[in-house]
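Colleague: here is my input; please provide its structure:
(chains A and B)
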Amino acid sequence: MEASITLKKVGKLVKDKTILASLTFGVERGSLVAIIGDNEAGKSMLLKVISGVEYQEYGQVFINGLDSKKRRLEVMSSIGFVPHEIDLDPWLTVEQNIQFIGLLYRIDTETLNTRMVQLARDLHIIPFLKSMVSDISPGIIKKAMVIRSLIHDPDILIMDDPTAFMDAESYRHTWDLLLRLRGEKTILYVSQSLQEVEEAHDRILVLEDGRITLDGSLDKLLGSTFEYHQFQIEFEELSKNLYNQLSKLPKVKNVSRIGNSIHFYGKERNVFFDVLNAATSAIMKDISVKKLGLQDLMDAKYAKDGIH
Amino acid sequence: MIKALLLRRYWLLRHRFLSTISFIILIPIVFHFSITKVMENILPLSSNNVAYEIWVFPAIIFLIASSSTFAIIYRDFFDLRIHKISFLPITLAPYSKTRLIIGFIITSIIESFFYVIIAMIILNILIIEPLNWQVFLITPIFTFIYTFLLANVVVTFSIISERIFTFLSLSIILFFFIIFGNGFIIDFDLFPHMMGLFLSYNPLSIILSELRNILFFNNIDWKLISIPIFVSVSWTWFNGNLLKRKLKQ
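Modeller: Got it, this is the predicted structure:
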């Protein structure tokens, strides 16, 4: 597929500190890409560089094939940006904030109003359109910021924590809209919520100290890093013999024990049944199977050591 | 872009209608009684034998334009930028930084123009000697040139300042310089000779002295008046580049 965003050896310095270090990657048109990483990993800066909020010191960013530095005025019309901070003008209404940006992008009034009302309906903020921004909650404001970023119908939507400050219902409405836009628009976002990223992505970029350390879908990332499932069986009494016997079973990885409980990892679920068969003679009190997720991936121990 | 910026100023004005209208009405009255009426007792006539209250009238209009320009640019350009409110999306719109600066300046000129017209009507009531129609026609044109230059100075302050303290300090110094160092309320003839001569050639004072020349003596030096216009245009370009560097965009 055609690349919507392409970075070539992009580097960004803030004073003398390297924030982004020679990043090279492309984002396919219409894909939904999530960026995760620790604080200070460079996630927000990466979004700022791609969206033109701040230029990189080194390398090139191409938006729809155009160099974002040299062809800025053409490129900016194709990007919608939602910053992390709440930044609507508090002394205007929600509607006026959105209309102002729409007019800046030369959208005619009729199209602007139709689009605004449609998006406001999708995000359930119609009753707040006439409210002063200073009088409404941050979750509603964040939804208005999403509308503002979409008002000029950009090809690329870049969002820094798009659902920050939102309650569960607002979160659902926002993602309903964004998932509907997937395919039509390229969406690149940063989130602190790993659950959110697990639920909504075509691809995940893991950033660490300004470098991409992992890149791919969740299944690919988990598969390449460590096994899929974590198993736990609690016995009434876990003898040394039984523990040794279970540890030596093929495909059973990283076995450990805590009291009468045995913990291990297995790539396939049937590993669990092999263990259960081998342990039929012992009395079991509790069993659990957990599919590993991003949280486990981000856990420093596993991310660095993996499963041996 | 200008339509969007103007519409935003209109919305803001509508939301703060009472406070704005009070500001518009009070400020010429305050200036008239605290400057014109007081100074008139010290200097009844200017060095060119023009009644002080008539002589100082263009300066009062310029001071009103200065106040509104400061207020508008402080709000739209400095306050919103340092507090990261609504400024970023404006800079991401597909316009060059110089065009953005022009947009902000023209918006402030148009709004100030509106305040100046109201101030002229109020002052016309307060001034004993009635003003002729020429004053109403020519003063706004020169106020336009003056505001264009002053707005550029305030935009530069807004870009280089990161703290309210710095911006206000610079603005207070400039305001004092405008009032006392540009022949606004005290004729340059009363300054030490060299100092008066030097100050009379600064672009801000050229605009006022040329306005007085055309209003009171019906003559104008086009070469002189072109200096502040040239300075303003160059300064706008400079501000555009300064903003580009500041934002790293």
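Colleague: what about the helix ranked longest in chain B and chain A, any contact?
Modeller: When chain B is parsed with DSSP state H, its longest helix is helix B:97-126. No. Between helix B:97-126 and chain A, judged by Cβ under 8 Å from any Cβ of the partner chain, nothing touches; the nearest distance is 9.2 Å. Any C-beta I mention is one placed from the backbone N, CA and C, and that applies to glycine too.
Colleague: for that helix, what does the pLDDT average out to?
Modeller: The average pLDDT for helix B:97-126 rounds to 92.
Colleague: list the buried ones in it?
Modeller: Of all the residues in helix B:97-126, those buried under the rule 16 or more other Cβ atoms under 10 Å in any protein chain shown are B:97-113, B:115-117, B:119-120, B:122-123.
Colleague: likewise stretch B:39-50?
Modeller: B:39, B:40, B:46, B:50.
Colleague: could you do stretch B:187-197 as well?
Modeller: Applying 16+ other Cβ under 10 Å to stretch B:187-197 flags B:187, B:188, B:191, B:196 as buried.
Colleague: was I right about residue A:295 contacting residue A:192?
Modeller: No. Using Cβ atoms under 8 Å, residue A:295 makes no contact with residue A:192, being 11.9 Å away.
Colleague: those two: who's more crowded?
Modeller: Remark: of residue A:295 and residue A:192, residue A:192 carries more neighbours, 14 against 11, as counted by other Cβ atoms under 10 Å in any protein chain shown.
Colleague: just how off-centre is the helix or strand that residue A:4 is a member of within its chain?
Modeller: Element membership of residue A:4 [criterion: DSSP states H and E] is strand A:3-14. With Cα atoms, centre = their mean, to the nearest Å as the basis, strand A:3-14 stands 18 Å off its chain's centre.
Colleague: buried sites along it?
Modeller: Using 16+ other Cβ under 10 Å as the test for burial, strand A:3-14 gives A:3, A:4, A:5, A:6, A:7, A:10, A:11, A:12.
Colleague: identify the farthest-apart pair in the residues you listed.
Modeller: The two members of those with the most space between them (Cβ to Cβ) are A:4 and A:11, at 21.4 Å.
Colleague: which SS class is the most centrally placed residue in chain B?
Modeller: Among the residues of chain B, the one closest to the centroid is residue B:66, at 3.2 Å (Cα atoms, centre = their mean). Under DSSP: H, G, I helix; E, B strand; the rest coil, the three-state class of residue B:66 is helix.
Colleague: give the contact list for it.
Modeller: Residues in contact with residue B:66, defined by Cβ atoms under 8 Å, 6 or more residues apart in numbering or on different chains, are B:147, B:150, B:175, B:178.
Colleague: quickly note the distance from the residue in chain A positioned nearest to chain B to residue A:75.
Modeller: Closest residue of chain A to chain B, Cβ to the nearest Cβ: residue A:103 (3.6 Å). Using Cβ to Cβ, to the nearest Å, we find residue A:103 at a distance of 20 Å from residue A:75.
Colleague: ok, now residue B:104?
Modeller: 23 Å.
Colleague: if we can go back for a sec, which parts of the next helix or strand after the strand holding residue A:4 are buried?
Modeller: Scanning forward in sequence from strand A:3-14 by DSSP H and E, the next helix or strand is strand A:17-28. For strand A:17-28, the neighbour count (16+ other Cβ under 10 Å) marks A:18, A:19, A:20, A:21, A:23, A:27 as buried.
Colleague: and chain B, which of those residues reach it?
Modeller: Checked against chain B using Cβ under 8 Å from any Cβ, these give no members in range.
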